[in-house]
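J.: Using only what follows, build the 3D model:
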Amino acid sequence: MEIPLLADIIIMLGLAVFVILIFQKLRLPTILGLLITGLIAGPSGLNLVKASHEVEMLSEIGVILLLFIIGLEFSLKELMAIKKYVLIGGAIQVFATILAVNLIGHVLGFSTSESLFLGFLFSLSSTAIVLKILQDRREINSPHGRMILAILIFQDIIVVPMMLVTPLMAGKSENILFSVIFLVLKGLLIVAIVYVSARYVVPKLLFQITKTRSKELFLLSTIVICLAVAGLTSSMGLSLSLGAFLAGLIISESEYSHQATSNIIPFREVFSSFFFVSIGMLLDVQFLTEHIGWVLFFTLLTFVVNSFMGGIASFVLGFPTRTAILVGFALFQVGEFAFILSKVGLENGLMNNLSYQYFLSVSVLTMAFTPFVISQANPFATWVLRHLPKGWVRAEKQTRMADEYNDHIVIIGYGLTGRHIARVARQVGIPYNILELNSETVRRERSKGEPIFYGDAVHPIILNHLGIQQARIAVVAISDAKATKQTVANIRSLSSTVHIIARTSFVTEMAENYRMGADEVIPEELETSIEIFTRVLDKYLVPRDEIMNFIDRIRSGNYSMMRSLQTTEFLPSVSSLHLTGMTTAALKTFPENKQIVGRTLQESDLRARYGITILAIKRQETLIEEVDHNTFILAGDLLYVFGRKENLILFERALKASEELPETSRQPEAEDLI
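T.: Just a heads-up that it's a prediction; the model follows:
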């Protein structure tokens with residue numbers, strides 16, 4: 001059975017691979033490559049894609065997943081922290097832009113309704129493009145990133161009242177007041193649902209799901225929550241993307257947000273590609289070339305007005321001049337929701353075909369220019385600050401946002417090894433965080449205050465959340481050999497400076513882990529042998545420094561000495577030590593031997609008779625450490641003695657015998673030595 005959409009998807013993605021590969025060689029943004037792909041494949045290009053409506057549906061999923069991930073990286077607490085930016089900053093940017101565009105529209109000869117509607121369109125920036133770029137640049141949590149996100153959230157909310165007001169401005173709506181009141185009530189209901197779900201429902205549900213250890217079930221549950229909340233908001237008249245953002249907020253309140261993010265990232269990348277391609281398909285190349293002068297003029301005008309209004313909103317809220325410039329530059333383009341709103345305007349007669357084509361051309365160009373503009377925002381801000389009079393510049397605060405993690409240990413796996421490392425780090429004051437895949441362990445340890453997160457380290461996005469690039473050491477202490485290698489490779493791809501220590505079960509796994517980027521690999525197989533051999537040498541009274549020297553040589557040579565016993569170059573010599581036959585023992589006295597019990601050491605003359613030395617005596621609960629020739633031996637004493645093994649055997653027999661056994665010089669029989 002032929003599936004037309006499948007052929008279109010193959011054409012789009014195949015062409016995108018080719019175009020983006022060229023753009024990467026030229027060091028041009030990926031988003032621009034996707035827009036060019038849409039231009040080539042669209043009606044104005046080679047007209048390769050026939051199912052344009054289905055492509056738009058796929059692109060909508062991309063926007064949903066993008067907003068979902070943004071919500072995952074936030075929390076209700078963080079959202080409340082920027083509520084002033086959302087309400088005040090967003091309102092200033094949107095309404096100031098509407099006013100400015102309305103004035104320009106009057107100058108160009110548009111009616112009041114048409115000018116006001118154009119203001120609606122140009123006040124909406126591109127959530128998908130801007131947040132994607134900020135994520136790639138890791139600036140979402142920066143001051144300007146939070147301000148940009150706040151304004152975009154306000155825009156996503158305000159687009160719904162705009163869609164309700166548009167028919168009224170065209171004189172085609174009956175009861176707009178009732179619609180607005182009803183919308184507010186629905187919004188309050190959604191907020192209540194989000195709060196209850198985030199606090200009580202979803203964390204418990206995900207806990208039960210993660211207990212199954214099924215990655216497929218966790219992924220399906222995450223996607224269902226995202227789409228269900230998005231569908232709920234859509235059914236209530238709000239945007240799908242706003243619902244996806246709220247769904248992300250719901251999951252962000254649990255300890256499973258990092259794992260959910262890593263699962264959704266691949267899907268987001270694919271579907272958001274459809275979005276950018278579909279935007280490129282909208283551009284009419286023939287119209288653009290015929291009206292290039294006016295299109296460029298309106299594009300420049302859009303840049304000036306939107307950048308200025310975004311900067312003003314930031315400046316009013318007390319941000320420094322540099323941040324205001326960064327915010328303005330990021331919000332200058334016309335966004336995806338403006339396309340949806342423009343269709344409502346067309347249906348209600350607030351736009352004609354000519355103004356619609358101008359709008360499309362300007363919108364696509366501003367989107368295409370966005371990556372370049374954002375990349376140049378900081379250098380431009382530096383240039384402005386250098387040339388503006390000092391009295392005109394609001395200085396930046398000297399304090400900066402502290403990194404959540406810095407110079408810390410990342411512990412991957414909270415088994416016995418991970419627990420020991422965490423305990424030692426905590427005791428000596430070294431900062432650390434932990435990644436563990438057992439949800440029950442995560443919940444239990446988080447309740448104790450441990451900085452532990454749920455997730456699988458084979459996903460690089462989780463390592464980013466753990467601050468792997470700021471870490472000094474990463475310890476990989478998981479039992480899965482394949483996952484260990486993948487984790488080591490992921491860590492090394494994200495950071496070339498972090499010191500990676502990996503634990504493996506067998507020697508055969510060492511070479512592959514070193515190849516993946518590990519700095520040290522500790523095989524349990526050989527470490528157990530080393531520990532046993534250390535105790536053997538210690539028992540043979542080999543000096544401790546020689547033992548430690550030997551162990552250091554083994555480890556520095558990647559255990560090659562333990563794997564090949566052909567060389568004895570570094571082995572400590574035991575045969576030359578005259579104390580190898582000496583040992584210690586703890587022997588208890590009995591009242592039967594009157595030659596020893598009840599006498600002083602001088603009287604019993606144990607050293608001469610048995611060739612042993614009393615090191616200490618434990619008498620009931622008292623330990624007698626200072627032993628001399630006047631010390632008495634009493635019944636029930638525990639004697640700590642030192643001497644040759646055969647002499648200790650004779651002395652033990654003497655303690656148990658009723659009569660003394662004087663033959664200290666006789667050789668012990670075979671059964672004595674057993």
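
J.: where exactly do the strands run in this structure?
T.: According to DSSP state E, the chain carries its strands in the segments 409-412, 432-436, 452-454, 473-476, 499-504, 520-523, 582-588, 612-619, 622-624, 638-644.

J.: gap between residue 256 and residue 15?
T.: 37 Å (C-beta to C-beta, to the nearest Å). Heads up, the C-betas are built off the backbone N, CA and C, glycines and all.

J.: ignore the last one, residue 209
T.: With distances taken as C-beta to C-beta, residue 209 is found 39 Å from residue 15.

J.: tell me which helix or strand of this protein sits lowest on mean pLDDT?
T.: helix 670-673 (a mean of 36; mean pLDDT, DSSP states H and E).

J.: which stretch in the strands of the chain has the least confidence?
T.: If you rank those by mean pLDDT, strand 582-588 sits at the bottom with a mean of 81.

J.: tell me the phi and psi of residue 629?
T.: Residue 629 adopts backbone torsions of phi -70, psi -20, taken as degrees, to the nearest 10.

J.: the longest helix in this protein is where?
T.: helix 353-387 (DSSP state H).

J.: circling back: more neighbours, residue 209 and residue 15?
T.: Taking other C-beta atoms under 10 Å, residue 209 and residue 15 do not tie; residue 15 has more neighbours (22 against 18).

J.: Tell me who's in contact with the residue nearest to residue 219 when sequence neighbours are not counted.
T.: Nearest non-adjacent residue to residue 219, counting by C-beta to C-beta, 6 or more residues apart in numbering: residue 263, 4.8 Å away. With contact taken as C-beta atoms under 8 Å, 6 or more residues apart in numbering, residue 263 is in contact with 215, 218-219, 222, 459.

J.: Looking at those residues, which one is closest to residue 119?
T.: Relative to residue 119, the closest of the contacts of residue 263 is residue 222; by C-beta to C-beta it sits at 38.3 Å.

J.: tally of neighbours for residue 214?
T.: 12.

J.: Look up how far residue 208 lies from it.
T.: Applying C-beta to C-beta to residue 214 and residue 208 gives a distance of 11 Å.

J.: Over to residue 608?
T.: 76 Å.

J.: Make sure residue 656 is actually in contact with residue 590.
T.: Yes. Residue 656 is within contact range of residue 590, at 6.1 Å (criterion: C-beta atoms under 8 Å).

J.: Overlap of the contact sets of those two?
T.: If you check residue 656 and residue 590 against C-beta under 8 Å, 6+ apart, no residue is contacted by both.

J.: about what we covered before: can you redo the strands of the chain as TSV with distance to residue 50 and mean neighbour count?
T.: Listed next are the strands of the chain as TSV, based on distance: least, C-beta to C-beta, whole Å; neighbours: other C-beta atoms under 10 Å:
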stretch	distance to residue 50	mean neighbour count
strand 409-412	48	26
strand 432-436	46	24
strand 452-454	44	22
strand 473-476	49	25
strand 499-504	50	22
strand 520-523	55	20
strand 582-588	89	14
strand 612-619	93	17
strand 622-624	93	11
strand 638-644	93	18
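
J.: could the ones you listed go into a markdown table alongside distance to residue 111?
T.: What follows is these, written out as a markdown table (distance: least, C-beta to C-beta, whole Å):
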| stretch | distance to residue 111 |
| --- | --- |
| strand 409-412 | 61 |
| strand 432-436 | 59 |
| strand 452-454 | 56 |
| strand 473-476 | 63 |
| strand 499-504 | 66 |
| strand 520-523 | 73 |
| strand 582-588 | 104 |
| strand 612-619 | 105 |
| strand 622-624 | 102 |
| strand 638-644 | 106 |
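
J.: Between those strands, which one is closest to residue 169.
T.: Of the strands of the chain, nearest to residue 169 by C-beta to C-beta is strand 452-454, at 49.6 Å.

J.: partners of that closest one in the sheet?
T.: strand 432-436 (parallel) (DSSP bridges).

J.: Report the central residue of this protein.
T.: residue 465 (2.0 Å; C-alpha atoms, centre = their mean).

J.: shouldn't that residue be in contact with residue 258?
T.: Yes. In this structure, residue 465 is within contact of residue 258 by C-beta under 8 Å, at 4.8 Å.

J.: Show me whatever sits in contact with both of these two.
T.: 453, 455.

J.: buried stuff in stretch 415-424?
T.: Within stretch 415-424, the residues that count as buried by 16 or more other C-beta atoms under 10 Å are 417-419, 421-422.

J.: Now do the contacts for residue 351.
T.: For residue 351, the contact set (C-beta under 8 Å, 6+ apart) comprises 114, 117, 342, 345, 359.

J.: Need the pLDDT of it.
T.: At residue 351, pLDDT is 88.

J.: Could you check how far residue 334 is from residue 587?
T.: Taking C-beta to C-beta, one finds residue 334 at 92 Å from residue 587.

J.: same thing with residue 462?
T.: Distance from residue 462 to residue 587, by C-beta to C-beta: 58 Å.

J.: go on, residue 216?
T.: Counting by C-beta to C-beta - residue 216 and residue 587 are separated by 64 Å.

J.: Now render the buried residues of stretch 415-424 as JSON lines, adding distance to residue 308 and pLDDT.
T.: Output for those, formatted as JSON lines (distance: C-beta to C-beta, whole Å; pLDDT from 0 to 100):
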{"residue": "417", "distance to residue 308": "57", "pLDDT": "86"}
{"residue": "418", "distance to residue 308": "53", "pLDDT": "90"}
{"residue": "419", "distance to residue 308": "56", "pLDDT": "90"}
{"residue": "421", "distance to residue 308": "53", "pLDDT": "89"}
{"residue": "422", "distance to residue 308": "51", "pLDDT": "92"}
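
J.: Now intersect the residues you listed with the helices, please.
T.: Per DSSP H, the buried residues of stretch 415-424 map to helices at 417-419, 421-422.

J.: In the stretch 301-450 of the chain, where is pLDDT below threshold?
T.: Applying pLDDT under 70 to the stretch 301-450 of the chain flags residues 390-405.

J.: Which of residue 608 and residue 208 has more residues huddled nearby?
T.: residue 208 (11 against 8).

J.: what sits against the more buried one?
T.: No contacts exist for residue 208 under C-beta under 8 Å, 6+ apart.

J.: gap between stretch 305-314 and the chain center?
T.: Once both centres are worked out by C-alpha atoms, centre = their mean, to the nearest Å, stretch 305-314 turns out to sit 32 Å from its chain's centre.

J.: Export only the CA atoms of that stretch, formatted as CSV.
T.: Presented in CSV, the C-alpha positions along stretch 305-314 are these (Å, rounded to 0.1, in the frame of the first residue of the first chain):
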residue,chain,number,x,y,z
VAL,A,305,10.5,48.0,16.5
ASN,A,306,10.6,44.6,18.1
SER,A,307,14.1,44.8,19.4
PHE,A,308,13.4,48.2,20.9
MET,A,309,10.2,47.1,22.6
GLY,A,310,11.8,43.9,24.0
GLY,A,311,14.7,46.0,25.3
ILE,A,312,12.4,48.5,26.9
ALA,A,313,10.5,45.8,28.7
SER,A,314,13.7,44.5,30.2
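
J.: Just list the residues touching the residue lying closest to residue 287 once chain neighbours are set aside, thanks.
T.: Nearest residue to residue 287 in three dimensions, chain neighbours excluded: residue 357, at 4.9 Å (C-beta to C-beta, 6+ apart). Residue 357 makes contact with 284, 287, 291, according to C-beta under 8 Å, 6+ apart.

J.: mind saving the C-alpha coords of stretch 353-369 as PDB?
T.: C-alpha atoms of stretch 353-369 as PDB (Å, rounded to 0.1, in the frame of the first residue of the first chain):
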ATOM      1  CA  ASN A 353      -3.700  38.800  -0.100                       C
ATOM      2  CA  LEU A 354      -1.000  41.500  -0.800                       C
ATOM      3  CA  SER A 355      -0.500  42.300   2.900                       C
ATOM      4  CA  TYR A 356      -0.600  38.600   3.700                       C
ATOM      5  CA  GLN A 357       2.300  37.900   1.200                       C
ATOM      6  CA  TYR A 358       4.300  40.800   2.700                       C
ATOM      7  CA  PHE A 359       3.700  39.400   6.100                       C
ATOM      8  CA  LEU A 360       4.800  35.900   5.100                       C
ATOM      9  CA  SER A 361       8.000  37.200   3.400                       C
ATOM     10  CA  VAL A 362       9.000  39.400   6.300                       C
ATOM     11  CA  SER A 363       8.200  36.600   8.900                       C
ATOM     12  CA  VAL A 364      10.300  34.000   7.100                       C
ATOM     13  CA  LEU A 365      13.200  36.400   6.600                       C
ATOM     14  CA  THR A 366      13.200  37.400  10.300                       C
ATOM     15  CA  MET A 367      13.200  33.800  11.300                       C
ATOM     16  CA  ALA A 368      16.100  33.000   8.900                       C
ATOM     17  CA  PHE A 369      18.100  35.900  10.300                       C
END
